[in-house]
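Student: The sequence isn't on hand, but the structure is:
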């Protein structure tokens, strides 16, 4: 597998989904762990008995559940052990770390982290000083977290790990306990204590490529938004699952995509900002850009992008909403017509939400060239909208937006107008 652990070789068990978008920043990719899935490694040499020197875990997470979960851990009963729990005792966003030594002395405590669904966490311990600390490094939060201790026995006598480390639960006496459901990335482990000052460089390196505002500066989603989005999602899912895009679906899809991405208050963008979720889409790979440039050198009258999402013939790379909307759906006499322009054309010119006979020369040329053109037994414009919907639905599911909305709705909608 493509390990999410820096500089380590790990294996997986169960349904581990690879190639997911970045959780924080734009470097690398993430993996998704279902409830039955976990990642396991080795006993990490002398890592265990060196816990006395300090312990630090750096990891990106985005959970799909508010149930209590276990992120990682290893150990034996009444001996050397460590564990990190999430949503401790069912309290959303509470993170706990526990260390135990060979004398059964424990150091344990928790912190209530931000409401951001995407987190870059530092969980660190200094057994010699009997201290723990937690930090959030994603740029859209204030990382001033208060530690609450539940055990401070002063553990100092640790030994090497007997059982391999597990991520997505923990390995206690050779048996996996607990689970984690969600995405995981950029896990790093250190035998050292990290102070707040020491994390400044890590925070500075944590970028915000999708331009999320600071949590607390945006309003949480309200019931009207969530219900409207849930209805939109179900409709687009139906459209994407049909073998062909039908007449009414074509126009309705343009209305929904416009409402989500191009309206004065784009609904998906605003919900992602409130949740603290980076919104990514399937963009053109370098191979596809190179191929397109070669095709365009021959000055075709018409050229259409024919594949989206993970099934793209040329592969893909994760890109922001702004970049995705600027990517080309069509070329008409070498002039690009972007995804955003195409959605706007159908919604505001062809009658999706408004009919307007006044079209630009490029729009008229596109409609003229596609009037009789069919791809895969459907009109070329319908085919393009169908592929666009499929790519969008696949991408926002991988980003965790759908699950976040469903989690709020199934929880009785905690946010009100």
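Tutor: Received the coordinates, thanks. Bear in mind that the values here come from a model prediction, so they are computed numbers and not experimental data.
Student: For the rest of this, base every contact and every neighbour count on C-alpha atoms.
Tutor: Noted.
Student: Show me where the stretch 51-200 of the chain has its helices.
Tutor: 200-204 (DSSP state H, counting those that start in this stretch).
Student: those strands in it, which residues are they?
Tutor: Using DSSP state E, counting those that start in this stretch, the strands found in the stretch 51-200 of the chain span residues 55-63, 69-75, 81-86, 94-100, 106-112, 118-126, 131-136, 148-152, 166-167, 170-172, 175-177, 182-190.
Student: I'd like to know which elements whichever strand or helix holds residue 322 is packed against.
Tutor: If you go by DSSP states H and E, residue 322 is part of helix 321-326. With contacts taken as 3 or more CA pairs under 8 Å, 6 or more residues apart in numbering; DSSP states H and E, helix 321-326 sits against strand 281-284, helix 339-348.
Student: Name the helix or strand for residue 387, please.
Tutor: Applying DSSP H and E, one finds residue 387 within helix 380-399.
Student: Give me the contact list for that helix.
Tutor: 20-21, 236-237, 239-240, 244-247, 250, 253-254, 277-282, 305-310, 329, 370, 373-376, 402-403 (CA atoms under 8 Å, 6 or more residues apart in numbering).
Student: Over to stretch 299-319?
Tutor: Contacts for stretch 299-319 (CA under 8 Å, 6+ apart): 21, 280-285, 287-288, 328-334, 369, 384, 387-388, 390-392, 394-395.
Student: what's the answer for stretch 83-97, then?
Tutor: So stretch 83-97 is in contact with 66-74, 82, 98-99, 108-115, 123, 132, 170, going by CA under 8 Å, 6+ apart.
Student: Just the terminal-to-terminal distance for it.
Tutor: Its first and final residues considered, stretch 83-97 spans 6 Å by CA to CA, to the nearest Å.
Student: Please name the residues that touch residue 167.
Tutor: Residue 167 is in contact with 38-40, 71-73, counting by CA under 8 Å, 6+ apart.
Student: just residue 356 next, same as before
Tutor: With contact set as CA under 8 Å, 6+ apart, residue 356 has these partners: 348-350.
Student: wait, which of those residues is closest to residue 205?
Tutor: residue 348 (41.7 Å; CA to CA).
Student: What's the per-residue pLDDT of residue 1 here?
Tutor: Predicted confidence (pLDDT) for residue 1: 36.
Student: Going forward, count from 11.
Tutor: With the count now opening at 11, the last piece we talked about shows up as residue 11.
Student: wait, doesn't residue 49 sit right on residue 176?
Tutor: Yes. Here residue 49 reaches residue 176: they are 5.7 Å apart, a contact under CA atoms under 8 Å.
Student: the more surrounded of these two?
Tutor: residue 176 (28 against 22; other CA atoms under 10 Å).
Student: What is the neighbour count of the residue nearest to the more buried one when sequence neighbours are not counted?
Tutor: Once flanking residues are discounted, residue 176 sits nearest to residue 50: 4.4 Å by CA to CA, 6 or more residues apart in numbering. Per other CA under 10 Å, the neighbour tally for residue 50 reads 21.
Student: what's the distance between residue 50 and residue 184?
Tutor: In terms of CA to CA, residue 50 sits 12 Å off from residue 184.
Student: hmm, back to that, would JSON lines of the contacts of residue 366 with distance to residue 219 and pLDDT be doable?
Tutor: Listed next are those as JSON lines, based on distance: CA to CA, whole Å; pLDDT from 0 to 100:
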{"residue": "358", "distance to residue 219": "30", "pLDDT": "96"}
{"residue": "359", "distance to residue 219": "32", "pLDDT": "96"}
{"residue": "360", "distance to residue 219": "34", "pLDDT": "96"}
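Student: what's the lowest-pLDDT member of the contacts of residue 177?
Tutor: residue 50 (92).
Student: Quick check: neighbours shared by residue 50 and residue 184?
Tutor: residue 174.
Student: list the buried ones in stretch 27-38?
Tutor: 28, 30-36, 38 (16 or more other CA atoms under 10 Å).
Student: For that stretch, the averaged confidence score.
Tutor: The model assigns stretch 27-38 a mean pLDDT of 92.
Student: and if you look at stretch 280-298?
Tutor: Rounded mean pLDDT across stretch 280-298 is 93.
Student: try stretch 312-323
Tutor: For stretch 312-323, the per-residue pLDDT averages 79.
Student: rewinding a little: ok now do the residue nearest to residue 176, which residues does it touch?
Tutor: 20-23, 174-177.
Student: And it, how far from residue 269?
Tutor: According to CA to CA, residue 50 and residue 269 sit 43 Å apart.
Student: Touching, residue 179 and residue 84? I think so.
Tutor: No. Using CA under 8 Å as the test, residue 179 is too far from residue 84 to be in contact (9.1 Å).
Student: mind showing which ranges of this structure have poor pLDDT?
Tutor: 11-19, 422-427 (pLDDT under 70).
Student: mind giving me the domain ranges of it?
Tutor: If you go by automatic domain parsing, the domain ranges for the chain are 21-214, 233-420.
Student: Residue 390: neighbouring residues, count only.
Tutor: The local packing of residue 390 (other CA under 10 Å) involves 20 other residues.
Student: What count of nearby residues applies to residue 143?
Tutor: Residue 143, neighbours per other CA under 10 Å, totals 23.
Student: Give the bridge partners for it, please.
Tutor: Legend: beta-bridge partners of residue 143 under DSSP bridges are residue 134.
Student: ok but residue 313 is inside a helix, no?
Tutor: No. Judged by DSSP: H, G, I helix; E, B strand; the rest coil, residue 313 forms no part of a helix; its state is strand.
Student: Against residue 78, how distant is it?
Tutor: 51 Å.
Student: Ok, residue 102 next?
Tutor: From residue 102 to residue 78 the distance is 8 Å (CA to CA).
Student: The two: which has the busier surroundings?
Tutor: Neighbour count, other CA under 10 Å: between residue 102 and residue 78, residue 78 has more, with 20 against 17.
Student: Now for the more buried one: which residues touch it?
Tutor: Listed by CA under 8 Å, 6+ apart, the contact set of residue 78 reads 95-101.
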